[in-house]
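Asks: whatever this is, show me its structure:
(3 chains)
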Amino acid sequence: MNKPSTPWKRKDLLGLEELTVEEIQLILNTAESMKEILQRPIRKVPTLRGKTVVNLFLEPSTRTSSSFDLAAKRLSADTLNLSVKTSSVQKGETLLDTVRNLEAMKLDVLVIRSSSSGAPYFLARRLTAGVVNAGDGLHEHPTQGLLDLLTLRERFRRLRGLKVLIVGDVAHSRVARSNIWGLTKVGAEVSICGPPTLLPMEVERFGVKTFTDLDKALREADVVYVLRLQLERQARYMIPSLREYAQLFGITRFRLRQARRDIVIMHPGPINRGVELDPDVADGPWSVILDQVTNGVAIRMAVLYLLCGGEAGESD
Amino acid sequence: MTPEEKALIMDSRIIDRVLSRIVHEILERTKGSQNLALVGIRTRGAYLAERLAKKFREIESLNLQVGVLDITLYRDDLSSVAHQPIVKPTQLPFDVKGKIIVLVDDVLFTGRTVRAAIDEIIDFGRPQAIQLAVLVDRGHRELPIQADYVGKTVPTSKREEVRVLLVETDGTDQVSIEELKPK
Amino acid sequence: MTERYLLTGGRVIDPEGGKNEETDLLIQENRIVKIGSLRKTLVKSAQIIRAKGLLIAPGLVDMHVHLREPGREDEETIESGSKAAARGGFTTVCCMPNTEPPLDDQGKIRLIYDRATPFARVFPFGAISKGIQGKELTEVGDLFRAGAVALSDDGSPVANAELMRRVLEYSRLFDLPVVDHCEDPALSFEGVMNEGYTSTRLGLRGIPNASEEIMISRDLHLAALTKGRLHLAHLSAAGSVALLREAKRKGLAVTGEVTPHHLTLTDDALLSFDTNAKVKPPLRTRADVEALRTGLADDTIDVIATDHAPHTSVEKEVEFDLAPFGMVGLETALGIVLTELVSTGRLGLAKALAAMSTNPSKILKFPYGRVVVGGLADLVFIDLKKSWVVNPDQFASKSKNTPLVGRHLKGKAVHTLVNGSFALRDGRLVEPKEGND
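Replies: You can find the predicted model right below:
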């Protein structure tokens, strides 16, 4: 019995910008199959038995690192979890040396999160192991973009023409960038909304509409994707205070009266409750935030499965 | 190598007759058990399982549970294929525990697919028994696996390929042997 | 020992005087003694060098180079930098004072002269502020007497307007040009590349054009106020060119400079996160490149200088945010200018050569940049037809940080003559003889 082989030929998953629609569909379809495993009594399959996945998180994160760790373990891979504190990067060892040492211990996939945009590309060029970008600086967070697409696909089935509004600090958000790439590729209509100080330069060239008036933006949206606001922005004169930001751009129940009754609310987490998103909205009927988390493990299982394919895949 | 059609082994009438016979054999062997479930192995095994289930309804008015198994994640050869095969979902809409599971596949060859299927079923729970029904047994086992119910035993050489076409996927019902010829 | 060279059949080009003809040159000791058709039999005891097919131009003068000595001899030394200069056709370089420690007193200025080699003339710029901290003026008189040829805090902008005003005024005592690296540190904060579509795409913090334009505008006002001699280093933005053009139109004594990379590369060079293209000021857009080219062509911009900034591979092979700014340029400048600007017709050959020799000499009041009888024999022999590929392993520079690896260029320096002696001959460096003056 011959199964058709996948069109997945990449050694690494570094971003959504370079993926084709077919590759995105493939990951989403594979993730759906992986989801079923999470419902079984034994939530494990032997597929990646004997493979080693290293999670190198140079920026703190419990949510994403545990999601990747679980994903690898569900596929029976061995995992090694390193954070800033446990890695030797703090002792002055360069990232390249750290990773070369890990590779000498024979790893198959390196999952890396870094505060430096481009770090995964830097490593992917130099390692034979596959590299998965778990978030690099302000640049991309491809697995987040993919799990968001999966969540939307489950809810709406058809993504073409879907109106998605991204609210918040788009300029400093790798999640926003990955979502813009992913959504525009599958034909959704993306808008962004935030104070002018938090909207990036020339963002219209990405095919998105920009709004500074949240009420106006909400009226047209099918989905609102709320971004986390970081306190550091206040220090650089980008917002006067969290309080004012919440007044102008916070998503509250009251605010949502402008929007469709069946609007869908998403957030990459962790939520600054009461700032960008009110608790009753986060926990309310519009929210698919917990679905996003579930889908995160499935997407990461799909990605690890595809990257671990057989002979080392071709590098980009 | 391009396959060259050699011999038609079964046409749609024979396939239908053979499936009916298998249903009777299953009934005999399991003595009309209430705990029976059919699980087809993707892709064609799944359609054959559906056909068997339909016959169970027609012949014995029995509504059997039917599941579909995708064994991709349990294969033992993932390290040596060039690219990962596409994974489709597995659907077992019943509790495996205590059941007599009849695995259904189109062709039994090396036995590795069945080995993977058995591992996967057991990860779902502990069945009372697992049996195997295949449309064609072509020999050349590489593992100690045998079918309990066989449509037709077809001796083949390693240079040949058994081609199963089903209406549900290929538009027609037939089983043929093709020779793999060097170009 | 009297060295006499007879160079025959080369095309002599003197941008200042307008000369451009195939003729012969006679060099005695370190001066050009004759230019014209010379029958070989009339000249005794001269080494004959056939220069047919070669361009003979004034030795190139790079007024913006970082030689890293003292302090970072792992990146470059005065000797290795001078060798790189010779390979690139440069006979004179001026080194910036942001060494470790910076060149902010007479002892350190003199050190540069002590370490110079016959491969190239090296002249130090003196720091504007002590320690390049931007707080206190250096003892400019001391620096001048020790041999500083200009003042700059390059590497850093002079952020304090009052300090900039005072150094422009004070420098008039010594007629020293003040060279500013124009960047508003508040606007460029944490920026690592040009701010625009590409920086948004790459998720890297950007430095807007306004950062440079604002400082240039400020400096031009201060130059007008103080009548000091202002020179604007490495321009990168279209608006900067416009400001400079307008200032010159009003008669202000200000000069401007641009690097070969800002004339040929855009921020697209960063799409692969190539740290070798990470420079300050950053590579900007096509529109900025066009404006800079126009500025050169219409004499708004006077000088092409490399801003040669060596860094070791250890420093550059890191994540983009962590890499230091800068790329080397001495060994590729001539090739890039000839290939991308001159042969495409964007810039005339004489103008290009003037920007790389005559004009910087005039600004710094050097007796170089000319090919005239009685003038110094600082010459570069260029083979305009020579095709070559940029290979950093062949560089004389200790550092290899260039984004031009593998580029095919046409035009290269074949010989370089410094003070009448060959520093580069047939493309190979000439080690100095023992006991030679």
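
Asks: which residue is the nearest non-sequential neighbour of residue B:144?
Replies: Nearest non-adjacent residue to residue B:144, counting by Cβ to Cβ, 6 or more residues apart in numbering or on different chains: residue B:111, 7.7 Å away. The C-beta positions use only the backbone N, C-alpha and C, and glycine is treated the same way.

Asks: hmm, residue B:141 and the one you found touching each other?
Replies: Yes. In this structure residue B:111 lies within contact range of residue B:141 using Cβ atoms under 8 Å: 4.9 Å.

Asks: what are the ranges of the helices in chain B?
Replies: Secondary structure of chain B (DSSP state H): helices at B:12-29, B:44-60, B:112-124, B:167-170.

Asks: now render those as a markdown table, adding mean pLDDT and mean neighbour count.
Replies: As requested, these are exported to a markdown table (pLDDT from 0 to 100; neighbours: other Cβ atoms under 10 Å in any protein chain shown):
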| stretch | mean pLDDT | mean neighbour count |
| --- | --- | --- |
| helix B:12-29 | 95 | 16 |
| helix B:44-60 | 94 | 19 |
| helix B:112-124 | 94 | 20 |
| helix B:167-170 | 92 | 13 |
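
Asks: nearest to residue A:304, out of the ones you listed?
Replies: Checking these against residue A:304 by Cβ to Cβ gives helix B:112-124 as the closest, at 18.6 Å.

Asks: so who does the residue nearest the centre of chain B touch?
Replies: When Cα atoms, centre = their mean is applied to chain B, the residue found nearest the centroid is residue B:105 (0.5 Å). If you count contacts by Cβ atoms under 8 Å, 6 or more residues apart in numbering or on different chains, residue B:105 has them with A:1, B:40-41, B:44-45, B:48, B:113-114, B:117, B:132-135.

Asks: nearest to residue B:63, of those residues?
Replies: Sorting these by how near they are to residue B:63, with Cβ to Cβ, puts residue B:40 at the top with 16.2 Å.

Asks: can you count the residues close to that closest one?
Replies: Each residue near residue B:40 was counted by other Cβ atoms under 10 Å in any protein chain shown, and the total is 26.

Asks: let me know the pLDDT of the residue of the stretch 1-150 of chain C found nearest chain A.
Replies: Across the stretch 1-150 of chain C, the shortest distance to chain A (Cβ to the nearest Cβ) belongs to residue C:74, at 15.7 Å. On the pLDDT scale, residue C:74 is placed at 96.

Asks: count of residues packed around it?
Replies: Neighbour count of residue C:74, defined by other Cβ under 10 Å: 14.

Asks: any idea how far it is from residue C:87?
Replies: Separation of residue C:74 from residue C:87 (Cβ to Cβ, to the nearest Å): 20 Å.

Asks: sorry, back to before: how about the contacts made by the residue of the stretch 1-150 of chain C closest to chain A?
Replies: Applying Cβ under 8 Å, 6+ apart to residue C:74 gives the contacts C:312, C:398.

Asks: can you give me the mean pLDDT across stretch C:58-68?
Replies: The average pLDDT within stretch C:58-68 is 98.

Asks: any idea how far it is from the chain center?
Replies: In terms of Cα atoms, centre = their mean, to the nearest Å, the centre of stretch C:58-68 is found 4 Å from the chain centre.

Asks: repeat that for stretch B:124-142.
Replies: On the basis of Cα atoms, centre = their mean, stretch B:124-142 sits 8 Å off its chain's mean C-alpha point.

Asks: can you tell if that stretch touches chain A?
Replies: Yes. Contact of stretch B:124-142 with chain A (Cβ under 8 Å from any Cβ of the partner chain) involves B:124, B:125.
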